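*Asks:* build me a model from this:
(one chain, ligands or ions: 2)
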Amino acid sequence: RSVRHYCREAPTKLRISEALSGAEPGTNVRVQGWVRSVRPQKTNLFLHVNDGSSLQPLQVVAASTLDDPSLTFGSAVDVTGVLKKSPHHKQPVELEADHIHVVGQCNPVDFPFKIKERHSLEYIRQFPHLRCRTNAFSSLLRIRSEATAAVHSFFKENGFVQIHTPIITSNDCEGAGELFQLEPSSPENDGNEHFFSVPAFLSVSGQLHLEVMSGAFSRVYTFGPTFRAENSQSRRHLAEFYMVEAEVSFTESLEDLTKVMEDMFRCVSEYVLAHCAEDVDLFHKHVTPGHRDTVDAMLKKRFPVITYSDAIDILNRSSEEFTFPTHWGCDLQTEHEKYLVKHCGNIPVFVTDYPYDLKPFYARDNQDSPQHTAAAVDLLVPGVGELCGGSLREERLELLRARLEEAGLEDTYSWYLDLRRFGSVPHGGFGLGFERYLQCILGVANIKDVVPFPRFSHSCLL
Ligand code: 4AD
Ligand code: MG
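*Replies:* Residues are numbered from 1 along each chain as shown. Ligands and ions are numbered 1, 2, ... in the order given. Have a look, this model is predicted:
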């Protein structure tokens, strides 16, 4: 069909990614987006327009007569014209515009981002309502979206059923006392009675609810927001973060669990590297240069497994001065985790069999261990430290009852004990911090830069 024929048809509205990937030159199209650059020349005006569908903008070429002082960096435009094969090798097509409408102006003096400037992640973090307009943060959010899809397809392909575990709950799964308590703000509430008749909290983990469901579906997972009142200004803690959690019945050993963790890490990472190549490259080339080598090394080898006791030996032998000295029985701090990762070749490493007393009530007792340990495992990764925490769960009724009794929790968890009375099976699971995963793959130092709207102590903007 001739160009003229197309031009008489109503323009086809296209996402810019569609225009750039395979739309026929000669098509009459309409695109809408935000101006990323403006270059007026003698006879022509050149614009780059981005609509968030890809990192690459669409080049728009127009006669200088279409120039308009409100066509500035950041303004919103609606452009119609004909797609032409581009003379530049970097882009397959460009848009020869016959109409440009400025939908929303943007005063370049007040707009916090400047044309052609590469702003740091720290700088753009000050503008949580605007930072998605930058290349770096929009790439990050597209990667986050694709990684989310990859997590779901990993579990679907492996026969897991997704469970929407509740956000409001009456239990403290981790027993760490980092709960946000929930009460209505309405004046009708007389303040003496709990809305749910019992104290209720935002969930710190969906694990206990997944354990319920693993008793019927064998393999279940959840992927949702999780809340912890950690009074921490660290670069790897948020008050609201997303956790991927899986629970698998008929799990006999920690190896069954580490296999799922490692497979998931690899599958999601390979998917992201393949499907978000441009966006990931932006990070690996300009935001966190050099990090690609770390990622490639991570995916090349099987993840080593060491026990907690091995880890303590390694730390005790190290010449590094730690802020927190190490001894058998101590909790591993971020500095220790990072040292262990380096020691193992700067690739992810599993640490298993932690001291029993360090782990919550649900962790399975390694009864015949010389030093009292639990069948728990953490996955430590470069740059971040702990990425996943998991364990076999205590499925033996009497042992579990004794531990709950000791903690005075037998009544609270009578329903949990029931799971061990009716068709109990060996099972286990883990949780992966999704923001920490993104930090690890992209090399981003601060967790606040991998989440759309960060929440942490003394900060709940927007
Ligand atoms: O190690 P955690 O506390 O394990 C659990 O909650 C288990 N109940 C999970 C399970 O077995 N189903 O948390 C799991 C992961 C951590 O390894 C870490 O990556 C992440 O969640 N995480 C946080 N991420 C960001 N901000 C915080 N405040 C986090 N706390 C934990
Ligand atoms: Mg943990």
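
*Asks:* which positions in the chain make contact with ligand 1?
*Replies:* Within the chain, the positions adjacent to ligand 1 are 173-174, 205, 207, 228, 230, 237-238, 241, 243, 245, 386-390, 429-431, 433, 435-436 by Cβ under 6 Å from any ligand atom. C-beta coordinates here come from the backbone N, C-alpha and C atoms, glycine included.

*Asks:* what about 5 Å?
*Replies:* Near ligand 1, the residues belonging to the chain are 205, 207, 228, 230, 237-238, 241, 245, 386, 389-390, 429-431, 433, 436 when assessed by Cβ under 5 Å from any ligand atom.

*Asks:* out of the residues you listed, which end up buried?
*Replies:* Restricting the residues of the chain next to ligand 1 to buried positions leaves 205, 207, 228, 237-238, 241, 245, 386, 389-390, 429-431, 433, 436, with burial counted as 16 or more other Cβ atoms under 10 Å.

*Asks:* and those, which is closest to F283?
*Replies:* The closest of these to F283 turns out to be R436 (Cβ to Cβ; 15.6 Å).

*Asks:* so which of the buried ones among the residues of the chain next to ligand 1 are in strands?
*Replies:* In strands, judged by DSSP state E, the following of those are found: 241, 245, 386, 389-390, 429-431, 433.

*Asks:* M213 in helix, strand or coil?
*Replies:* helix (DSSP: H, G, I helix; E, B strand; the rest coil).

*Asks:* show me what contacts it?
*Replies:* 161, 163, 220, 247 (Cβ atoms under 8 Å, 6 or more residues apart in numbering).

*Asks:* filter those down to just the ones in strands.
*Replies:* Short answer: the contacts of M213 in strands (DSSP E) are 161, 220, 247.

*Asks:* any weak-confidence spans in this structure?
*Replies:* 1-8, 187-192 (pLDDT under 70).

*Asks:* can you rerun that using 80?
*Replies:* Filtered on pLDDT under 80, the chain yields the residue ranges 1-9, 186-192, 231-232.

*Asks:* tell me how the chain divides into domains.
*Replies:* According to the domain assignment given by automatic domain parsing, the chain is divided into the following structural domains: 3-104, 131-449.

*Asks:* I'd like the ones you listed laid out as a markdown table, including distance to L461.
*Replies:* Output for the domains of the chain, formatted as a markdown table (distance: least, Cβ to Cβ, whole Å):
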| stretch | distance to L461 |
| --- | --- |
| domain 3-104 | 21 |
| domain 131-449 | 11 |
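
*Asks:* circling back to that earlier point, wait, which of the ones in strands among the buried ones among the residues of the chain next to ligand 1 is closest to P57?
*Replies:* Sorting those by how near they are to P57, with Cβ to Cβ, puts F241 at the top with 31.9 Å.

*Asks:* any idea how far H129 is from the residue nearest to that closest one when sequence neighbours are not counted?
*Replies:* If you skip the residues right next to it in sequence, F241 has E435 as its closest partner in space, 5.2 Å away by Cβ to Cβ, 6 or more residues apart in numbering. Taking Cβ to Cβ, to the nearest Å as the measure, E435 falls 20 Å from H129.

*Asks:* what's the answer for K84, then?
*Replies:* Here the criterion is Cβ to Cβ. By it, K84 lies 36 Å from H129.

*Asks:* mind jotting down where the helices sit in the stretch 251-400 of the chain?
*Replies:* For the stretch 251-400 of the chain, the helices identified by DSSP state H, counting those that start in this stretch occupy 254-275, 277-282, 291-300, 308-317, 334-343, 397-406, in order along the chain.

*Asks:* would you reformat those helices as CSV and include distance to A19 and mean neighbour count?
*Replies:* Output for these, formatted as CSV (distance: least, Cβ to Cβ, whole Å; neighbours: other Cβ atoms under 10 Å):
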stretch, distance to A19, mean neighbour count
helix 254-275, 19, 18
helix 277-282, 15, 18
helix 291-300, 29, 15
helix 308-317, 53, 17
helix 334-343, 43, 19
helix 397-406, 59, 15
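
*Asks:* of the ones you listed, which is nearest L14?
*Replies:* Nearest of the helices of the stretch 251-400 of the chain to L14, taken as Cβ to Cβ: helix 277-282 at 18.3 Å.

*Asks:* and for that closest one, what's in contact with it?
*Replies:* Contacts of helix 277-282 from elsewhere in the structure, counted by Cβ under 8 Å, 6+ apart, are 54-56, 135-136, 139-140, 142-143, 272-273, 441-442.

*Asks:* which of those are buried?
*Replies:* Buried positions within these, assessed by neighbour count (16+ other Cβ under 10 Å), are 54-56, 135-136, 139-140, 142-143, 272-273, 441-442.

*Asks:* quick check: A23 is in a strand.
*Replies:* No. Note on A23: no strand contains this position according to three-state DSSP, which reports coil.

*Asks:* wait, isn't it in contact with I16?
*Replies:* No. With contacts defined as Cβ atoms under 8 Å, A23 does not count as touching I16, sitting 9.9 Å away.

*Asks:* so for those two, which residue has more residues nearby?
*Replies:* When neighbours are counted by other Cβ atoms under 10 Å, I16 comes out ahead of the other of A23 and I16, with 23 against 19.

*Asks:* OK, contacts around the more buried one?
*Replies:* Taking Cβ under 8 Å, 6+ apart as the test, what I16 contacts is 31, 33, 49-51, 53-54, 56-58.

*Asks:* on that earlier part again, more crowded one of E435 and H129?
*Replies:* Applying other Cβ under 10 Å to E435 and H129 shows that E435 carries more neighbours, namely 23 against 9.

*Asks:* correct me, but the more buried one touches Y242?
*Replies:* Yes. Counting by Cβ under 8 Å, Y242 is a contact partner of E435 at 6.6 Å.

*Asks:* mutual contacts of these two, please.
*Replies:* Going by Cβ under 8 Å, 6+ apart, residues that sit against E435 and also against Y242 are V451.

*Asks:* D449 and L121 touch, don't they?
*Replies:* Yes. With contacts counted by Cβ under 8 Å, D449 reaches L121, the gap being 4.4 Å.

*Asks:* ok, these two, which is more surrounded?
*Replies:* Comparing D449 with L121 by other Cβ under 10 Å, the one with more neighbours is D449, at 23 against 19.

*Asks:* closest residue of the stretch 251-400 of the chain to ligand 1?
*Replies:* Proximity of the stretch 251-400 of the chain to ligand 1 (Cβ to the nearest ligand atom) peaks at G389, 2.5 Å away.

*Asks:* residue contacts, the closest residue to that residue other than its chain neighbours?
*Replies:* Distances taken as Cβ to Cβ, 6+ apart put D378 closest to G389, at 5.2 Å, once the chain neighbours are dropped. Applying Cβ under 8 Å, 6+ apart to D378 gives the contacts 332, 337, 350-351, 354, 386, 388-390.
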